[in-house]
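S.K.: Please work out how this folds:
(one chain, ligands or ions: 1)
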Amino acid sequence: MTEHTTAAHRTRPQVRPKAEGWTQATDAGGRPLLQFREPRRTQPETHLADLSLAERKAKLVELGHPAFRATQLSTHYFEHYTVDPEQMTDLPASARSEIVEKMLPPLLTEVRRLRTDKGETIKFLWRLFDGALVESVLMRYPGRVTLCVSSQAGCGMNCPFCATGQAGLTRNLSAAEIVDQVVAANRAIANGELGGLRKDGGFDSPRVTNIVFMGMGEPLANYKRLMNAVNRMVAPAPEGLGMSARHITVSSVGLVPAIRKLADEDLPLTFALSLHAPDDTLRDELIPVNDRWKVDEALDAARYYFEKTGRRVSIEYALIKDMNDHAWRADLLAEKLNARGRGWVHVNPIPLNPTPGSIWTASEPAVTNEFIRRLEAAGIPTTLRDTRGKEIDGACGQLAAAE
Ligand code: SAH
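M.R.: Sure thing, here's the model as predicted:
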(Lines give C-alpha, C1' and ligand atoms only; values in the text may rest on other atoms or scores of the structure.)
Protein backbone atom coordinates (compact mmCIF):
# COMPACT_ATOMS: atom_id res chain seq x y z
CA MET A 1 0.00 0.00 0.00
CA THR A 2 1.29 3.48 -0.81
CA GLU A 3 1.75 6.25 1.77
CA HIS A 4 -1.13 8.06 0.18
CA THR A 5 -3.69 5.27 0.51
CA THR A 6 -2.53 4.49 4.04
CA ALA A 7 -3.17 8.08 5.00
CA ALA A 8 -6.49 7.99 3.20
CA HIS A 9 -7.44 4.90 5.15
CA ARG A 10 -6.45 6.55 8.40
CA THR A 11 -8.51 9.59 7.71
CA ARG A 12 -11.60 7.73 6.56
CA PRO A 13 -14.59 9.15 8.38
CA GLN A 14 -16.74 7.20 10.80
CA VAL A 15 -20.39 7.43 9.81
CA ARG A 16 -22.70 6.46 12.67
CA PRO A 17 -25.87 4.43 12.12
CA LYS A 18 -29.14 6.28 12.24
CA ALA A 19 -32.59 5.74 10.79
CA GLU A 20 -33.19 7.93 7.76
CA GLY A 21 -36.61 8.60 6.31
CA TRP A 22 -38.39 6.79 9.15
CA THR A 23 -38.37 6.89 12.95
CA GLN A 24 -36.95 3.99 14.86
CA ALA A 25 -39.35 2.95 17.64
CA THR A 26 -37.76 3.23 21.09
CA ASP A 27 -38.43 1.66 24.49
CA ALA A 28 -39.02 3.48 27.78
CA GLY A 29 -35.26 3.93 28.20
CA GLY A 30 -34.95 5.61 24.79
CA ARG A 31 -33.15 2.65 23.20
CA PRO A 32 -34.30 1.02 19.94
CA LEU A 33 -37.32 -1.13 20.75
CA LEU A 34 -36.84 -4.90 20.65
CA GLN A 35 -40.02 -6.94 20.15
CA PHE A 36 -39.77 -10.56 21.20
CA ARG A 37 -43.53 -10.85 21.76
CA GLU A 38 -45.84 -10.62 18.76
CA PRO A 39 -48.49 -7.94 19.04
CA ARG A 40 -50.91 -10.03 16.99
CA ARG A 41 -51.14 -13.51 18.45
CA THR A 42 -53.27 -15.02 15.73
CA GLN A 43 -52.37 -18.17 13.84
CA PRO A 44 -54.01 -19.80 10.83
CA GLU A 45 -55.96 -23.05 11.13
CA THR A 46 -53.82 -26.12 11.62
CA HIS A 47 -52.52 -27.41 8.29
CA LEU A 48 -51.10 -30.79 7.39
CA ALA A 49 -47.61 -29.27 7.33
CA ASP A 50 -47.91 -28.26 10.99
CA LEU A 51 -48.20 -31.93 11.92
CA SER A 52 -45.95 -34.96 11.84
CA LEU A 53 -47.23 -37.94 9.85
CA ALA A 54 -48.34 -39.65 13.07
CA GLU A 55 -50.27 -36.53 14.10
CA ARG A 56 -51.90 -36.33 10.65
CA LYS A 57 -53.05 -39.93 10.96
CA ALA A 58 -54.51 -39.25 14.39
CA LYS A 59 -56.33 -36.21 13.08
CA LEU A 60 -57.82 -38.07 10.12
CA VAL A 61 -59.00 -40.88 12.38
CA GLU A 62 -60.57 -38.23 14.60
CA LEU A 63 -62.38 -36.89 11.51
CA GLY A 64 -63.69 -40.39 10.81
CA HIS A 65 -61.31 -41.42 8.01
CA PRO A 66 -58.80 -44.25 7.83
CA ALA A 67 -55.26 -43.34 8.92
CA PHE A 68 -53.72 -44.21 5.55
CA ARG A 69 -55.48 -41.20 4.04
CA ALA A 70 -52.78 -39.14 5.80
CA THR A 71 -50.11 -40.76 3.66
CA GLN A 72 -52.10 -40.24 0.45
CA LEU A 73 -52.74 -36.61 1.30
CA SER A 74 -49.10 -36.08 2.27
CA THR A 75 -47.97 -37.49 -1.08
CA HIS A 76 -50.25 -35.06 -2.90
CA TYR A 77 -48.93 -32.12 -0.94
CA PHE A 78 -45.23 -32.87 -0.46
CA GLU A 79 -44.51 -34.76 -3.67
CA HIS A 80 -46.96 -33.35 -6.21
CA TYR A 81 -47.57 -29.93 -4.57
CA THR A 82 -51.27 -30.57 -5.14
CA VAL A 83 -54.02 -29.08 -3.01
CA ASP A 84 -56.80 -29.50 -5.57
CA PRO A 85 -59.34 -32.14 -4.40
CA GLU A 86 -60.28 -32.88 -8.04
CA GLN A 87 -56.82 -34.29 -8.66
CA MET A 88 -56.87 -36.57 -5.62
CA THR A 89 -58.46 -39.46 -7.43
CA ASP A 90 -57.18 -41.99 -4.90
CA LEU A 91 -59.47 -40.46 -2.27
CA PRO A 92 -63.19 -41.27 -2.30
CA ALA A 93 -64.93 -38.56 -4.32
CA SER A 94 -67.45 -37.97 -1.54
CA ALA A 95 -64.80 -37.18 1.08
CA ARG A 96 -62.20 -35.31 -0.97
CA SER A 97 -63.32 -31.77 -0.48
CA GLU A 98 -64.04 -32.22 3.22
CA ILE A 99 -60.61 -33.76 3.82
CA VAL A 100 -58.85 -31.03 1.87
CA GLU A 101 -60.79 -28.32 3.66
CA LYS A 102 -59.82 -29.73 7.07
CA MET A 103 -56.24 -30.71 6.32
CA LEU A 104 -55.08 -28.22 3.69
CA PRO A 105 -56.59 -24.83 4.49
CA PRO A 106 -55.21 -22.24 2.04
CA LEU A 107 -52.37 -20.34 3.73
CA LEU A 108 -50.70 -18.19 1.08
CA THR A 109 -52.49 -16.13 -1.55
CA GLU A 110 -50.26 -14.80 -4.25
CA VAL A 111 -50.53 -11.01 -4.45
CA ARG A 112 -47.71 -10.24 -6.83
CA ARG A 113 -44.74 -11.84 -8.50
CA LEU A 114 -41.65 -10.05 -9.82
CA ARG A 115 -39.00 -11.56 -12.08
CA THR A 116 -35.43 -10.62 -12.88
CA ASP A 117 -32.12 -12.22 -13.96
CA LYS A 118 -33.75 -13.65 -17.12
CA GLY A 119 -36.48 -15.18 -15.03
CA GLU A 120 -33.97 -17.05 -12.85
CA THR A 121 -34.97 -14.95 -9.83
CA ILE A 122 -38.60 -14.62 -8.75
CA LYS A 123 -39.87 -12.64 -5.78
CA PHE A 124 -43.27 -13.70 -4.46
CA LEU A 125 -45.46 -11.48 -2.34
CA TRP A 126 -47.94 -13.51 -0.28
CA ARG A 127 -51.00 -12.48 1.68
CA LEU A 128 -51.69 -14.60 4.76
CA PHE A 129 -55.17 -15.51 6.03
CA ASP A 130 -55.31 -12.43 8.25
CA GLY A 131 -54.04 -9.98 5.65
CA ALA A 132 -50.40 -9.94 6.81
CA LEU A 133 -47.91 -9.82 3.92
CA VAL A 134 -44.68 -11.75 3.51
CA GLU A 135 -42.22 -12.35 0.71
CA SER A 136 -39.99 -15.16 -0.49
CA VAL A 137 -37.31 -15.07 -3.18
CA LEU A 138 -36.55 -18.00 -5.47
CA MET A 139 -33.18 -18.13 -7.23
CA ARG A 140 -31.77 -20.63 -9.71
CA TYR A 141 -28.00 -21.13 -9.69
CA PRO A 142 -25.98 -23.68 -11.63
CA GLY A 143 -26.81 -27.00 -9.99
CA ARG A 144 -29.03 -25.69 -7.23
CA VAL A 145 -32.17 -23.72 -6.51
CA THR A 146 -32.30 -21.54 -3.40
CA LEU A 147 -35.39 -20.19 -1.70
CA CYS A 148 -35.09 -17.31 0.75
CA VAL A 149 -38.02 -17.74 3.15
CA SER A 150 -39.70 -15.53 5.73
CA SER A 151 -40.18 -16.74 9.29
CA GLN A 152 -42.21 -13.81 10.63
CA ALA A 153 -44.49 -11.12 9.25
CA GLY A 154 -42.31 -8.09 9.90
CA CYS A 155 -39.45 -8.28 12.40
CA GLY A 156 -38.94 -7.06 15.95
CA MET A 157 -35.17 -6.64 15.83
CA ASN A 158 -35.26 -3.02 14.61
CA CYS A 159 -31.95 -2.93 12.72
CA PRO A 160 -31.74 0.57 11.21
CA PHE A 161 -30.39 -0.59 7.81
CA CYS A 162 -32.96 -3.31 7.16
CA ALA A 163 -36.23 -2.57 5.36
CA THR A 164 -38.13 -5.36 7.14
CA GLY A 165 -37.42 -3.99 10.60
CA GLN A 166 -38.89 -0.59 9.91
CA ALA A 167 -42.51 -1.57 10.49
CA GLY A 168 -41.84 -3.77 13.52
CA LEU A 169 -43.18 -7.25 14.18
CA THR A 170 -46.69 -8.20 13.12
CA ARG A 171 -46.70 -11.89 14.07
CA ASN A 172 -44.91 -15.20 13.92
CA LEU A 173 -45.57 -17.41 10.92
CA SER A 174 -46.90 -20.88 11.62
CA ALA A 175 -44.70 -23.83 10.67
CA ALA A 176 -47.03 -24.57 7.75
CA GLU A 177 -46.88 -20.97 6.54
CA ILE A 178 -43.11 -21.37 6.35
CA VAL A 179 -43.22 -24.79 4.67
CA ASP A 180 -45.93 -23.69 2.23
CA GLN A 181 -43.54 -21.06 0.83
CA VAL A 182 -41.30 -23.95 -0.24
CA VAL A 183 -44.16 -26.04 -1.63
CA ALA A 184 -45.44 -23.03 -3.59
CA ALA A 185 -41.95 -22.48 -5.00
CA ASN A 186 -41.66 -26.15 -5.94
CA ARG A 187 -45.02 -25.92 -7.68
CA ALA A 188 -43.83 -22.90 -9.69
CA ILE A 189 -40.66 -24.75 -10.70
CA ALA A 190 -42.61 -27.87 -11.67
CA ASN A 191 -44.85 -25.68 -13.86
CA GLY A 192 -41.76 -24.37 -15.65
CA GLU A 193 -42.21 -20.85 -14.27
CA LEU A 194 -38.63 -20.36 -13.05
CA GLY A 195 -36.15 -19.50 -15.80
CA GLY A 196 -32.93 -21.31 -16.55
CA LEU A 197 -34.30 -24.38 -18.29
CA ARG A 198 -31.75 -26.38 -20.24
CA LYS A 199 -31.90 -26.28 -24.04
CA ASP A 200 -33.68 -29.64 -24.08
CA GLY A 201 -36.39 -28.12 -21.88
CA GLY A 202 -35.36 -30.00 -18.76
CA PHE A 203 -33.74 -28.45 -15.72
CA ASP A 204 -30.90 -29.36 -13.40
CA SER A 205 -32.85 -28.96 -10.19
CA PRO A 206 -36.54 -29.75 -10.50
CA ARG A 207 -37.17 -28.35 -7.03
CA VAL A 208 -35.80 -26.17 -4.25
CA THR A 209 -32.53 -27.66 -3.00
CA ASN A 210 -31.41 -24.93 -0.59
CA ILE A 211 -33.30 -22.88 1.96
CA VAL A 212 -32.02 -19.71 3.58
CA PHE A 213 -33.95 -18.16 6.47
CA MET A 214 -32.93 -14.72 5.28
CA GLY A 215 -36.32 -13.37 4.32
CA MET A 216 -38.48 -11.38 6.68
CA GLY A 217 -38.18 -11.98 10.39
CA GLU A 218 -35.80 -13.28 13.02
CA PRO A 219 -36.11 -17.08 12.81
CA LEU A 220 -34.74 -17.72 16.29
CA ALA A 221 -37.43 -15.44 17.78
CA ASN A 222 -40.00 -17.92 16.40
CA TYR A 223 -38.05 -20.94 17.58
CA LYS A 224 -40.69 -23.65 18.05
CA ARG A 225 -42.34 -23.06 14.69
CA LEU A 226 -39.00 -22.69 12.96
CA MET A 227 -37.92 -26.12 14.22
CA ASN A 228 -41.26 -27.67 13.33
CA ALA A 229 -40.92 -26.26 9.79
CA VAL A 230 -37.33 -27.52 9.55
CA ASN A 231 -38.47 -30.97 10.63
CA ARG A 232 -40.99 -31.02 7.78
CA MET A 233 -38.30 -29.88 5.32
CA VAL A 234 -35.89 -32.67 6.24
CA ALA A 235 -38.38 -35.50 6.83
CA PRO A 236 -38.29 -37.99 3.93
CA ALA A 237 -41.29 -37.91 1.59
CA PRO A 238 -44.18 -38.29 2.02
CA GLU A 239 -43.88 -37.05 5.61
CA GLY A 240 -41.96 -34.02 4.43
CA LEU A 241 -39.83 -32.59 1.65
CA GLY A 242 -36.79 -34.85 2.11
CA MET A 243 -34.30 -32.00 1.97
CA SER A 244 -30.78 -32.08 3.37
CA ALA A 245 -30.33 -30.22 6.68
CA ARG A 246 -26.92 -29.08 5.47
CA HIS A 247 -28.65 -27.15 2.72
CA ILE A 248 -30.82 -25.23 5.17
CA THR A 249 -29.31 -22.05 6.58
CA VAL A 250 -30.72 -20.37 9.67
CA SER A 251 -29.59 -16.76 9.92
CA SER A 252 -29.80 -14.79 13.16
CA VAL A 253 -28.99 -11.39 14.63
CA GLY A 254 -27.48 -13.30 17.55
CA LEU A 255 -30.05 -14.48 20.11
CA VAL A 256 -27.43 -16.29 22.15
CA PRO A 257 -29.54 -18.73 24.21
CA ALA A 258 -31.43 -19.76 21.07
CA ILE A 259 -28.19 -20.30 19.11
CA ARG A 260 -27.01 -22.67 21.84
CA LYS A 261 -30.36 -24.46 21.83
CA LEU A 262 -30.15 -24.82 18.05
CA ALA A 263 -26.65 -26.29 18.44
CA ASP A 264 -28.05 -28.90 20.80
CA GLU A 265 -30.76 -30.04 18.35
CA ASP A 266 -28.44 -32.56 16.74
CA LEU A 267 -29.31 -31.45 13.21
CA PRO A 268 -26.53 -30.47 10.78
CA LEU A 269 -28.18 -27.20 9.76
CA THR A 270 -26.00 -24.37 8.55
CA PHE A 271 -25.90 -21.43 10.93
CA ALA A 272 -25.21 -17.84 9.91
CA LEU A 273 -24.61 -14.98 12.33
CA SER A 274 -25.42 -11.45 11.18
CA LEU A 275 -22.48 -9.76 12.83
CA HIS A 276 -21.90 -6.64 10.70
CA ALA A 277 -19.42 -5.15 13.22
CA PRO A 278 -16.66 -6.67 15.35
CA ASP A 279 -16.77 -3.91 18.00
CA ASP A 280 -19.59 -3.36 20.49
CA THR A 281 -19.56 0.40 20.09
CA LEU A 282 -20.72 0.17 16.51
CA ARG A 283 -22.72 -3.07 16.80
CA ASP A 284 -24.79 -1.60 19.67
CA GLU A 285 -26.16 0.90 17.16
CA LEU A 286 -26.28 -1.35 14.12
CA ILE A 287 -27.91 -4.41 15.70
CA PRO A 288 -30.01 -3.27 18.66
CA VAL A 289 -30.07 -6.76 20.19
CA ASN A 290 -26.33 -6.28 20.83
CA ASP A 291 -27.53 -4.42 23.91
CA ARG A 292 -28.44 -7.84 25.34
CA TRP A 293 -25.79 -10.12 23.88
CA LYS A 294 -22.42 -8.61 23.01
CA VAL A 295 -20.14 -9.42 20.08
CA ASP A 296 -18.00 -11.81 22.15
CA GLU A 297 -21.02 -13.67 23.51
CA ALA A 298 -22.49 -14.03 20.01
CA LEU A 299 -19.15 -15.31 18.68
CA ASP A 300 -18.80 -17.75 21.59
CA ALA A 301 -22.27 -19.10 20.80
CA ALA A 302 -21.35 -19.40 17.10
CA ARG A 303 -18.20 -21.29 18.03
CA TYR A 304 -20.28 -23.57 20.29
CA TYR A 305 -22.53 -24.21 17.29
CA PHE A 306 -19.52 -25.40 15.33
CA GLU A 307 -18.30 -27.60 18.18
CA LYS A 308 -21.65 -29.30 18.63
CA THR A 309 -22.54 -29.77 14.97
CA GLY A 310 -19.20 -29.80 13.14
CA ARG A 311 -20.79 -27.36 10.69
CA ARG A 312 -18.71 -24.37 9.66
CA VAL A 313 -20.48 -21.18 10.71
CA SER A 314 -21.02 -18.21 8.37
CA ILE A 315 -20.50 -14.66 9.52
CA GLU A 316 -22.62 -12.20 7.56
CA TYR A 317 -21.15 -8.76 7.14
CA ALA A 318 -23.00 -6.13 5.08
CA LEU A 319 -20.32 -3.67 3.99
CA ILE A 320 -21.57 -0.14 4.60
CA LYS A 321 -19.58 2.80 3.33
CA ASP A 322 -17.51 4.52 6.01
CA MET A 323 -19.54 2.83 8.73
CA ASN A 324 -18.21 -0.70 9.28
CA ASP A 325 -15.77 -1.16 6.37
CA HIS A 326 -12.57 0.24 7.90
CA ALA A 327 -9.43 -1.83 7.55
CA TRP A 328 -8.96 -1.98 11.33
CA ARG A 329 -12.37 -3.60 11.62
CA ALA A 330 -11.37 -6.35 9.19
CA ASP A 331 -8.28 -6.94 11.33
CA LEU A 332 -10.28 -6.94 14.57
CA LEU A 333 -12.83 -9.35 13.08
CA ALA A 334 -10.06 -11.72 11.98
CA GLU A 335 -8.44 -11.49 15.41
CA LYS A 336 -11.69 -12.33 17.22
CA LEU A 337 -12.42 -15.26 14.91
CA ASN A 338 -8.87 -16.65 15.09
CA ALA A 339 -8.91 -16.31 18.88
CA ARG A 340 -11.62 -18.98 18.83
CA GLY A 341 -9.72 -21.44 16.68
CA ARG A 342 -9.12 -22.18 13.01
CA GLY A 343 -11.30 -23.71 10.33
CA TRP A 344 -14.59 -23.21 12.16
CA VAL A 345 -15.90 -20.16 10.38
CA HIS A 346 -16.02 -18.27 7.15
CA VAL A 347 -17.03 -14.71 6.40
CA ASN A 348 -19.65 -13.68 3.85
CA PRO A 349 -19.37 -9.97 3.19
CA ILE A 350 -22.16 -8.52 1.07
CA PRO A 351 -22.24 -5.01 -0.30
CA LEU A 352 -25.13 -3.26 1.47
CA ASN A 353 -28.24 -3.03 -0.63
CA PRO A 354 -28.55 0.69 -0.37
CA THR A 355 -31.32 3.09 0.35
CA PRO A 356 -30.68 5.75 -2.30
CA GLY A 357 -29.40 9.10 -1.13
CA SER A 358 -28.79 8.07 2.45
CA ILE A 359 -25.90 7.17 4.73
CA TRP A 360 -26.80 3.56 3.96
CA THR A 361 -24.59 3.01 0.96
CA ALA A 362 -22.46 0.08 -0.15
CA SER A 363 -18.70 0.25 0.36
CA GLU A 364 -16.50 1.24 -2.59
CA PRO A 365 -15.15 -1.75 -4.54
CA ALA A 366 -11.56 -0.95 -3.54
CA VAL A 367 -12.53 -0.82 0.12
CA THR A 368 -14.51 -4.05 -0.21
CA ASN A 369 -11.51 -5.76 -1.78
CA GLU A 370 -9.19 -4.52 0.92
CA PHE A 371 -11.56 -5.73 3.63
CA ILE A 372 -11.62 -9.19 2.06
CA ARG A 373 -7.86 -9.20 1.47
CA ARG A 374 -7.17 -8.53 5.13
CA LEU A 375 -9.46 -11.32 6.31
CA GLU A 376 -7.89 -13.76 3.86
CA ALA A 377 -4.38 -12.68 4.83
CA ALA A 378 -5.31 -13.59 8.40
CA GLY A 379 -6.38 -17.05 7.22
CA ILE A 380 -10.15 -16.51 7.29
CA PRO A 381 -11.98 -17.98 4.28
CA THR A 382 -14.05 -15.17 2.82
CA THR A 383 -16.57 -15.08 -0.04
CA LEU A 384 -18.32 -12.00 -1.31
CA ARG A 385 -22.03 -12.73 -1.52
CA ASP A 386 -24.03 -11.71 -4.57
CA THR A 387 -26.91 -9.29 -4.52
CA ARG A 388 -29.35 -11.29 -6.59
CA GLY A 389 -32.74 -9.72 -6.95
CA LYS A 390 -31.63 -6.18 -6.22
CA GLU A 391 -33.62 -4.76 -9.13
CA ILE A 392 -36.87 -6.14 -7.76
CA ASP A 393 -36.15 -5.14 -4.16
CA GLY A 394 -35.72 -8.79 -3.49
CA ALA A 395 -32.18 -8.72 -2.17
CA CYS A 396 -31.23 -9.16 1.48
CA GLY A 397 -32.75 -6.56 3.72
CA GLN A 398 -35.04 -5.18 1.03
CA LEU A 399 -38.04 -7.33 1.81
CA ALA A 400 -40.61 -4.94 3.15
CA ALA A 401 -43.83 -6.19 1.56
CA ALA A 402 -45.04 -2.62 1.03
CA GLU A 403 -48.41 -2.64 -0.64
N1 SAH B 1 -33.12 -11.76 11.09
C2 SAH B 1 -32.16 -12.63 10.47
C3 SAH B 1 -32.50 -13.01 9.05
C4 SAH B 1 -33.06 -11.98 8.11
S5 SAH B 1 -32.07 -10.88 7.19
C6 SAH B 1 -30.80 -12.01 10.51
O7 SAH B 1 -30.70 -10.85 10.87
O8 SAH B 1 -29.83 -12.69 10.25
C9 SAH B 1 -30.86 -11.77 6.30
C10 SAH B 1 -29.56 -11.00 6.17
O11 SAH B 1 -29.72 -9.79 5.40
C12 SAH B 1 -29.01 -10.55 7.53
O13 SAH B 1 -27.63 -10.80 7.57
C14 SAH B 1 -29.27 -9.06 7.49
O15 SAH B 1 -28.44 -8.36 8.36
C16 SAH B 1 -28.99 -8.77 6.02
N17 SAH B 1 -29.46 -7.46 5.59
C18 SAH B 1 -30.44 -6.70 6.10
N19 SAH B 1 -30.56 -5.54 5.43
C20 SAH B 1 -29.61 -5.56 4.47
C21 SAH B 1 -29.23 -4.67 3.45
N22 SAH B 1 -29.87 -3.52 3.27
N23 SAH B 1 -28.21 -5.02 2.64
C24 SAH B 1 -27.58 -6.22 2.79
N25 SAH B 1 -27.90 -7.10 3.72
C26 SAH B 1 -28.90 -6.78 4.56
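
S.K.: contacts, neighbours, all on C-alpha from now
M.R.: Will do.

S.K.: Ala330 - that's part of a helix, no?
M.R.: Yes. The assignment for Ala330 by DSSP: H, G, I helix; E, B strand; the rest coil puts it in a helix.

S.K.: can you tell me which helix or strand the residue lying closest to it once chain neighbours are set aside belongs to?
M.R.: Leaving aside its sequence neighbours, Ala330 sits nearest to Phe371 (Cα to Cα, 6 or more residues apart in numbering; 5.6 Å). Per DSSP states H and E, Phe371 falls inside helix 365-377.

S.K.: buried stuff in that helix?
M.R.: 367-368, 370-376 (16 or more other Cα atoms under 10 Å).

S.K.: and it, what does it pack onto?
M.R.: Helix 365-377 sits against helix 327-338, with contacts defined as 3 or more Cα pairs under 8 Å, 6 or more residues apart in numbering; DSSP states H and E.

S.K.: residues in contact with the helix it packs on?
M.R.: Helix 327-338 has contacts (Cα atoms under 8 Å, 6 or more residues apart in numbering) with 9, 277-279, 299, 345, 370-372, 374-375, 378, 380.

S.K.: Confirm Ser251 sits in a strand?
M.R.: Yes. Ser251 sits within a strand when classified using three-state DSSP.

S.K.: residues from the stretch 251-400 of the chain in reach of the ligand?
M.R.: 251-253, 274, 316, 318, 352-354, 396-398 (Cα under 6 Å from any ligand atom).

S.K.: try the stretch 101-250 of the chain
M.R.: So the stretch 101-250 of the chain meets the ligand at 161-162, 213-218 (Cα under 6 Å from any ligand atom).

S.K.: Those: which two are farthest apart?
M.R.: Distance extremes for those: the farthest pair is Phe161 and Phe213 at 18.0 Å, using Cα to Cα.

S.K.: what bits of the stretch 51-200 of the chain have low per-residue confidence?
M.R.: Scanning the stretch 51-200 of the chain for pLDDT under 70 picks out 198-200.

S.K.: residue of it with the smallest distance to the ligand?
M.R.: With Cα to the nearest ligand atom as the measure, Cys162 is the residue of the stretch 51-200 of the chain nearest to the ligand, at 3.7 Å.

S.K.: looking at this, that residue is in a helix?
M.R.: No. If the criterion is three-state DSSP, then Cys162 is coil and not within a helix.

S.K.: Surely it is in contact with Gln398?
M.R.: Yes. Using Cα atoms under 8 Å, Cys162 makes contact with Gln398 at a distance of 6.7 Å.

S.K.: which one of the two has more residues nearby?
M.R.: Cys162 (24 against 21; other Cα atoms under 10 Å).

S.K.: taking the residues of the stretch 101-250 of the chain next to the ligand one by one, which sit in helices?
M.R.: When DSSP state H is applied, those are split such that none fall in helices.

S.K.: nearest to Asp322, of the residues you listed?
M.R.: Among those, and counting by Cα to Cα, the member closest to Asp322 is Phe161, at 14.0 Å.

S.K.: dump the residue contacts of Phe36.
M.R.: 156, 221.

S.K.: quick check, it in a helix?
M.R.: No. Assigned with three-state DSSP, Phe36 falls outside any helix and is coil.

S.K.: roughly how far apart are it and Arg260?
M.R.: 18 Å (Cα to Cα, to the nearest Å).

S.K.: Name all residues that make contact with Tyr305.
M.R.: 259-260, 262-263, 271, 311, 313.

S.K.: Revised request: answer the last question for Trp126.
M.R.: 108-112, 133-135.

S.K.: Looking at the residues you listed, state which has the most neighbours.
M.R.: Neighbour max across the contacts of Trp126 (other Cα under 10 Å) = Val134, 29 neighbours.

S.K.: Which members of the contacts of Tyr305 are positioned in strands?
M.R.: Among those, DSSP state E puts 271, 313 in strands.

S.K.: with the contacts of Tyr305 in mind, which one is nearest to Gln43?
M.R.: Among these, Leu262 lies closest to Gln43 (Cα to Cα), at 23.6 Å.

S.K.: Disregarding residues adjacent in the polypeptide, which is nearest to that closest one?
M.R.: Tyr305 (7.7 Å).

S.K.: Could I get the full set of strands for the protein?
M.R.: 109-116, 121-127, 133-141, 144-148, 152-154, 169-172, 210-213, 248-252, 270-274, 313-319, 345-351.

S.K.: low pLDDT regions in the stretch 201-350 of the chain?
M.R.: Residues of the stretch 201-350 of the chain meeting the criterion pLDDT under 70: 201-203.

S.K.: just to revisit the earlier point, just the buried members of the residues of the stretch 101-250 of the chain next to the ligand?
M.R.: Among those, the ones that count as buried by 16+ other Cα under 10 Å are 161-162, 213-218.

S.K.: so who does Gln72 touch?
M.R.: 90-91.

S.K.: Please tell me how far it sits from Glu45.
M.R.: 21 Å.
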